[in-house]
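S.K.: When you get a sec, could you give me coordinates for this:
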Amino acid sequence: MTVVFALFSGKGGVGKTSTAAGLIAVAAKRGMRVAGGDLDPRYTLTKELGVLAPEFSLNDLLYIDPEAEEPPGDPAELVHQVLVPSGPRWPDNVLVLPAERPLGRREADSQMFEPRLKRAVDGLAGLDVDLLVLDLPPRPGGKLVATGLLAANTVFVPATLTADGHDGAREALQTVSFQTAPGGPNPDLTIAGVYRSIVPRDSEYRAVHKHWEEQIRADFADHLLETQLHNHAVREECRTVCAPITAAPGPQARKLEAAYGDLLDRGLEAAA
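M.R.: Predicted structure coming up:
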């Protein structure tokens, strides 16, 4: 079976997409066949994984024509058309379910398409995909968020040491609680953890960061992981050239790679 991670926050700019790319990179280095699934209409993960102008996207997989006389195609089969290789700087065992801007139209879609991605995961298992990492849109809810959480086995919640980081984590955990409540859409969904993201270096750590770190520790104690992702320039360098962190040289890259590896281990444990 394909294990599905979701990266989720109610706010943007908290390192959600960079964590998704990092998890994909370290999973691929371990020999896993891994796919990145981009549910954000801004398609940032799609670009970072080196995919430009795909012929098909998750928008095509999720769309249901309200005027069609025949039932929509089986997502477990359609996913074979949507899944594409990653760009030339990424390993061959990295695949992509890309996004495009029209995916945003699904938020106002009257059709009930949310279960289609979960069904598509069955098709990924037939393609020997070990892990699917979903990058969810940065908002507390909506149809695309619901689609991702319904398909996921476990969810990671980033929290920067800022007001937005704290509030985005709180909103995400609340949404997950609705999913997992008795009678909810995905009662088997687990929380892999809340982790501190884009943590400032010691020389840039200020009283305001300490304030929000203490708030995060107090409010999310039940889910807070010790793993932290620090704000290293090599992370942005990798995004700029569409390359994995595992291919970057230097001690900063190795520290981030180790942290992503810790998160990967935690996610696989939580999804088991």
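S.K.: buried residues in the longest strand along the chain?
M.R.: The strand that spans the most residues within the chain, counting by DSSP state E, is strand 190-199. Going by neighbour count (16 or more other CB atoms under 10 Å), the buried part of strand 190-199 is 190, 191, 192, 193, 194, 195, 196, 197, 198, 199. All C-beta spots, glycine's among them, are computed from the backbone N, C-alpha and C.
S.K.: mind listing what residue 9 touches?
M.R.: 16, 138, 157, 158, 159, 165, 168, 169, 171, 172 (CB atoms under 8 Å, 6 or more residues apart in numbering).
S.K.: what do you get if the cut-off is 6 Å, keeping everything else the same?
M.R.: Counting by CB atoms under 6 Å, 6 or more residues apart in numbering, residue 9 makes contact with 16, 138, 158, 168, 172.
S.K.: Make CSV out of the residues you listed and add neighbour count.
M.R.: Shown next, in CSV, are the contacts of residue 9 (neighbours: other CB atoms under 10 Å):
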residue, neighbour count
16, 26
138, 22
158, 26
168, 26
172, 32
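S.K.: Out of those, which is nearest to residue 251?
M.R.: For the contacts of residue 9, the minimum distance to residue 251 (CB to CB) is 22.8 Å, reached by residue 158.
S.K.: so what's the nearest residue to the closest one once chain neighbours are set aside up against?
M.R.: Of all residues not flanking residue 158 in the chain, residue 197 sits nearest, at 3.9 Å (CB to CB, 6 or more residues apart in numbering). Listed by CB under 6 Å, 6+ apart, the contact set of residue 197 reads 14, 15, 158, 160, 229.
S.K.: Shouldn't the third one be within a helix?
M.R.: Looking back up the chat, that one is residue 158. No - if the criterion is DSSP: H, G, I helix; E, B strand; the rest coil, then residue 158 is strand and not within a helix.
S.K.: tell me which residues form a beta bridge with it?
M.R.: residue 195 (DSSP bridges).
S.K.: wait, what's in contact with it?
M.R.: Contacts for residue 158 (CB under 6 Å, 6+ apart) come out as 9, 14, 15, 16, 197.
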